[in-house]
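Engineer: What follows is a predicted structure for the sequence shown.
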Amino acid sequence: MPASISLHIRLADIEPEIWRQVTVPANYTLAGLHFVIQAVMGWEGEHLHLFVIDGDRYGEPEDAAGGRPITEEANVRLSHVLSEGHTFLYTYDFGDDWRHEIDVIKVSDAIAPLACLDGKRACPPEDSGGPYAYADLVEAVRAPKSADPEFLDWVGDFDPEEFDLKLANKRLKALNKTSSSTH
């Protein structure tokens with residue numbers, strides 16, 4: 001039985017690429033992986049989400065729309081649905097439609113701790129309009145004199161080039177201590 005899984009998570013439809021590389025215990029559930037993604041990307045967990053793996057949908061069944069079934073993510077272990085070389089989708093915030101393409105880099109029998117190993121660029125702020133508004137957000141931050149001051153106040157000190165590996169791991173450590181739903 002595998003002990004750990006290495007994943008490469010990238011935010012789709014964004015250039016230059018925003019990504020994270022993580023190791024996750026293989027016995028985590030998809031619900032646990034949701035919290036891991038939230039922690040390393042810097043999302044706040046304020047919106048609905050969905051995993052699509054081999055055409056099957058996983059999430060919270062009460063969030064199902066249009067009669068399409070959703071399997072309860074808390075009942076599905078990563079080791080049962082992921083294999084090396086596999087790519088799957090995680091969508092967060094159905095209004096903004098932040099799609100994360102996730103590659104399974106390695107499935108290992110070796111124990112590896114929950115960790116963010118690397119990453120590039122800051123995750124966009126919550127409710128910032130999705131990938132199609134992202135270029136406007138970056139332009140406003142880079143040329144603040146021509147941007148709406150109220151918009152800049154709302155965005156705060158967002159730096160699209162910044163990624164804080166220590167903060168990502170601090171968030172994972174806090175998650176690991178406080179959440180029993182990750183297992």
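Structural biologist: Noted; the coordinates are in hand.
Engineer: Could you list the low-pLDDT ranges of this structure?
Structural biologist: 63-67, 178-183 (pLDDT under 70).
Engineer: residue contacts, the nearest residue to residue 148 once chain neighbours are set aside?
Structural biologist: Distance criterion CB to CB, 6 or more residues apart in numbering; nearest residue to residue 148, sequence neighbours excluded, is residue 140 at 7.3 Å. Placement of C-beta: from N, CA and C, glycine included. Residues in contact with residue 140 (CB atoms under 8 Å, 6 or more residues apart in numbering) are 146, 147, 148, 151, 152, 155.
Engineer: which of those lies closest to residue 13?
Structural biologist: Each of those was scored against residue 13 by CB to CB, and residue 155 proved nearest at 19.6 Å.
Engineer: Run through who's touching whichever strand in the chain runs longest.
Structural biologist: Assignment by DSSP state E gives strand 98-108 as the longest strand of the chain. With CB under 8 Å, 6+ apart as the test, strand 98-108 has contacts from 2-13, 21, 26, 37, 41, 43, 79, 82-92, 124, 130-131.
Engineer: so what's the residue in the chain sticking out farthest from the centre up against?
Structural biologist: The C-alpha centroid of the chain is most remote from residue 145, which lies 31.9 Å away (CA atoms, centre = their mean). Applying CB under 8 Å, 6+ apart to residue 145 gives no contacts.
Engineer: Likewise for residue 134?
Structural biologist: Here residue 134 is in contact with 14, 124, 128 (CB under 8 Å, 6+ apart).
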